[in-house]
Every structure is written in structure tokens, then in C-alpha cells.
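Novice: Predicted structure and sequence below. I'll ask about it afterward.
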Amino acid sequence: MLNLAKRVILQVMGDKRTVAMILFAPLLILTLLSLLLGNISYVPTIAVDKTIPAPIVSALKEQDATIITMENDVDKTLYLKDKKADAVFSLNGQSPKIDILEANTKSGKAMNCIQDALSELNPTAKMQINRVYGDSDFSTFDSMGYIFLGIFAFFLVFVISGTALVRERSQGTLERLLMSQIKRYEVVLGYTLGYSVFAVAQAILVSLYSMFVLHLPFEGNAFWVVITMVLTSIAAVAFGATVSIFSTTEFQVLQLIPLIIVPQIFFSGLIPLDTIPYGLGKLCYLTPIYYGCSALKLIMVEGQGISAIWLFLVALLGYALVLCTINVVALKKYRSI
């Protein structure tokens, strides 16, 4: 028994990638969680209606927030949609009313500032909260469903396609293919198209099931939801193929998940990107999950169409094309010339 344990320990110690995953991957993920989910230093902006009494405005200005006064005859939702304010504070008769775009960290901080200001003047005041996107009785699944769709569309397909070329190499199939007259781009496109068929099938099935069986709320056209899911899945196929080309075993592909998949989830819409410290929110532009989930949010939450999401769809398609090009170049090391 001790000899077996010793052999396992030496085997693991000999694989530096495994040791790094065991010791340092948790540290990386915990650091990201601390930065993304910790006490953010974001200062919310609150738009105040001109009918708000001066004592309440003064109490608001004592809070850790930026207070602006709304112009006359301006739609409150414009302040929210144009990102001029995280919340709009007004009076509905004698009752305080807060309008927010959606429930997130930014609007939450704005509402806390308003509640703290009112508690000093009228602790018994009951506030009305109105959300532009999403009803107040939405469940967590209803509010974050688009994120789950984007993550599942990417992650599950990545795991399957990520082991594809590794398995082909271990079985000798890839070497035999490259010894023939078949071109490298034909190999890459063949594998990509083959796994994309299953990726497309999964995307369509998951989309339709979520919308028509689980009744996940969506304001836009179901067709664009399916298209976005399909392109996200195709990008995942290309991403998985890239990882598999630079891995020697299927286990190494799985090892990379904490480093290349888990961090992407934080840029899927779970957290407002402009609240992430040190400008780390800009890293979202390097992750395909960001483009997929952003497009899904515009369709399902805001009811937008192709005019609003086309740039995200082009980004997903471009991501897949760039990765396929990298895969073709990388395959050169497996071909004997």
C-alpha cells in the first residue's frame, strides 16, 4: 500500500501541470472571486426628481453617491438606458419611488444609498421599486437564465471537442491522416464541422427547451436566441480544438478548465463589468462567452433584434475563424515534411 501511495505521489510530482493545477488554480480562482465579488468601490449615480424635498436631497448628498437632478419632462428610463444614472428617485404621491434598469450590483448600491438617506428622515417609509427589465417577482433563474444558456452552450461543447484531437493522436488516427495527401485546413475544418453538427443540435434543443418548456422569460425573437446559441457553440468547438492541439492527453484538457473556462464565467454578465477593479472588466473582450451572453441579454431581457446584436454575432464568428487559423498552423508540427 505504501509503495503504491509513493508511486502515485511521485507520478503526480513529475507532472508539473498537475501540481500547478492542484496548488495554484484555487488561488487564482479565489483571487478573482475576491476582486469580482468583494466590496466594490463603485460610486453609484442617482438621478433625483425636482419634486424631491430639499431635506431628502441633502440627506442623499451625504451618502457615498453622485447625485444629479433630472431635467423637466424627460423619460426616467432614458437616464437608465443611457447609463446616466443607476437609479432614478422620485415621489409617487407621498410614497418614495425608485426606478432601476435591472437588478444588479450597481442598482443595489444606489438603492442602499437611498434607503440609508430615507431611514434618517422617515424610517417607516415604504418604497416602490420599478425595474425597466424584468418583473419584481422574477426568480433567480428567470433573471439570470440568459447567462446559464450562454455558459452551457460553451462549456459542454468545449469539453467534448477539447478531447477530440487528443484522442485522435493517442489512437494514431491524426498521424495517419497527416501522412496522406489531405491538407491541414481540411483536417481542422473536418473536425470542426463534424463536432459543430452536434453543437448546433445541442444549441437548438437547449434554447427551445428553456423557452417553451421551462418558460424562461424572453422579450425578443426566439430565432435570434437560437442563432446566438449556435454561434456560441461553434466558437466553443474551435476553442476546444485549439486547446486539444496544444495538449498531449485528455486529462490535460480537463486540467485547463479552471484557467480558461472558469474565469470566463465571471465576464458572462454575472457582475457589471464597470464595477470590476483595476480595469479587469476589459478582459471580457478576449472571451467568447462575453459576446454570446451579451447578445442573449439584449434579445431575451431587452427585446432587441439583429440591429443591436449583429456586432456580437460577428465577434463570435470571427473568434471561431481566428482559432481555426491557429489550429491549421499548429497542426504543422504533427506533419512530417
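Specialist: Nice, thanks for sending it over.

Novice: and the gap between Lys332 and Gly292?
Specialist: Counting by Cβ to Cβ, to the nearest Å, the gap from Lys332 to Gly292 is 30 Å. (Glycine included, C-beta is placed from N, CA and C.)

Novice: which of the two has more neighbours?
Specialist: Gly292 (31 against 10; other Cβ atoms under 10 Å).

Novice: Quickly find the element holding the more buried one.
Specialist: helix 288-300 (DSSP states H and E).

Novice: list the helices and strands that helix packs on?
Specialist: Secondary-structure packing of helix 288-300 (3 or more Cβ pairs under 8 Å, 6 or more residues apart in numbering; DSSP states H and E): helix 140-162, helix 222-245, helix 262-265, helix 306-330.

Novice: lowest-confidence stretch among those helices?
Specialist: Mean pLDDT is lowest for helix 140-162 out of those, coming in at a mean of 78.

Novice: Report the buried residues of that one.
Specialist: 143-155, 157-159, 161-162 (16 or more other Cβ atoms under 10 Å).

Novice: In the stretch 151-300 of the chain, where is pLDDT below threshold?
Specialist: Scanning the stretch 151-300 of the chain with the threshold set as pLDDT under 70 gives 164-165, 168-180.

Novice: Ok, the stretch 1-150 of the chain next?
Specialist: 1-40, 72-74, 93, 123-125, 134-142.

Novice: Tell me where it has helices.
Specialist: 2-14, 16-23, 25-37, 54-61, 76-81, 105-121, 140-162 (DSSP state H, counting those that start in this stretch).

Novice: Ala199 and Leu313, how far apart?
Specialist: Distance from Ala199 to Leu313, by Cβ to Cβ: 15 Å.

Novice: So for those two, which sits in the more crowded spot?
Specialist: Ala199 (28 against 19).

Novice: Contacts only, for the more buried one.
Specialist: Ala199 sits next to Val157, Ser161, Val230, Ser233, Ile234, Ala236, Val237 when contact means Cβ atoms under 8 Å, 6 or more residues apart in numbering.

Novice: Could you dump the residues you listed into CSV with distance to Gly303 added?
Specialist: Formatted as CSV, the contacts of Ala199 follow (distance: Cβ to Cβ, whole Å):
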residue, distance to Gly303
Val157, 27
Ser161, 32
Val230, 20
Ser233, 23
Ile234, 25
Ala236, 26
Val237, 29
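
Novice: quick one: which two of the residues you listed are the most distant?
Specialist: Spanning the widest gap among the contacts of Ala199 are Ser161 and Val230, at 14.4 Å by Cβ to Cβ.

Novice: if we can go back for a sec, between the contacts of Ala199, which is nearest Phe212?
Specialist: Nearest to Phe212 among those, with distances taken as Cβ to Cβ, is Val230, at 17.2 Å.

Novice: Who does Ala47 form a beta bridge with?
Specialist: Ile68, Val88 (DSSP bridges).

Novice: what's the neighbour count on it?
Specialist: 24.

Novice: Likewise for the one 5 residues further on?
Specialist: Per other Cβ under 10 Å, the neighbour tally for Ile52 reads 17.

Novice: Now do it against Ile46, distance only.
Specialist: 10 Å.

Novice: Next, show the common contact partners of these two.
Specialist: The contact lists of Ile52 and Ile46 share Phe89, where a contact means Cβ under 8 Å, 6+ apart.

Novice: Tell me who's in contact with Trp75.
Specialist: Careful, residue 75 is Asp; it's not Trp. By Cβ under 8 Å, 6+ apart, the contact set of Asp75 is empty.

Novice: Mind listing what's buried along the helix holding Gly292?
Specialist: 288-300.

Novice: Only the C-alpha atoms, please, for stretch 53-71, written as PDB.
Specialist: Only the C-alpha atoms of stretch 53-71 are listed here, as PDB (Å, rounded to 0.1, in the frame of the first residue of the first chain):
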ATOM      1  CA  PRO A  53     -37.900  67.900  -0.900                       C
ATOM      2  CA  ALA A  54     -34.600  69.700  -0.100                       C
ATOM      3  CA  PRO A  55     -34.000  67.800   3.200                       C
ATOM      4  CA  ILE A  56     -34.100  64.400   1.400                       C
ATOM      5  CA  VAL A  57     -31.800  65.700  -1.300                       C
ATOM      6  CA  SER A  58     -29.400  66.900   1.400                       C
ATOM      7  CA  ALA A  59     -29.500  63.500   3.100                       C
ATOM      8  CA  LEU A  60     -28.800  61.800  -0.300                       C
ATOM      9  CA  LYS A  61     -25.700  64.000  -0.900                       C
ATOM     10  CA  GLU A  62     -24.300  62.800   2.400                       C
ATOM     11  CA  GLN A  63     -24.300  59.300   1.000                       C
ATOM     12  CA  ASP A  64     -21.400  57.800  -1.000                       C
ATOM     13  CA  ALA A  65     -23.100  58.500  -4.300                       C
ATOM     14  CA  THR A  66     -23.200  61.000  -7.100                       C
ATOM     15  CA  ILE A  67     -26.500  63.000  -7.200                       C
ATOM     16  CA  ILE A  68     -27.800  64.600 -10.300                       C
ATOM     17  CA  THR A  69     -31.000  66.500 -10.900                       C
ATOM     18  CA  MET A  70     -33.300  65.300 -13.700                       C
ATOM     19  CA  GLU A  71     -34.400  67.700 -16.300                       C
END
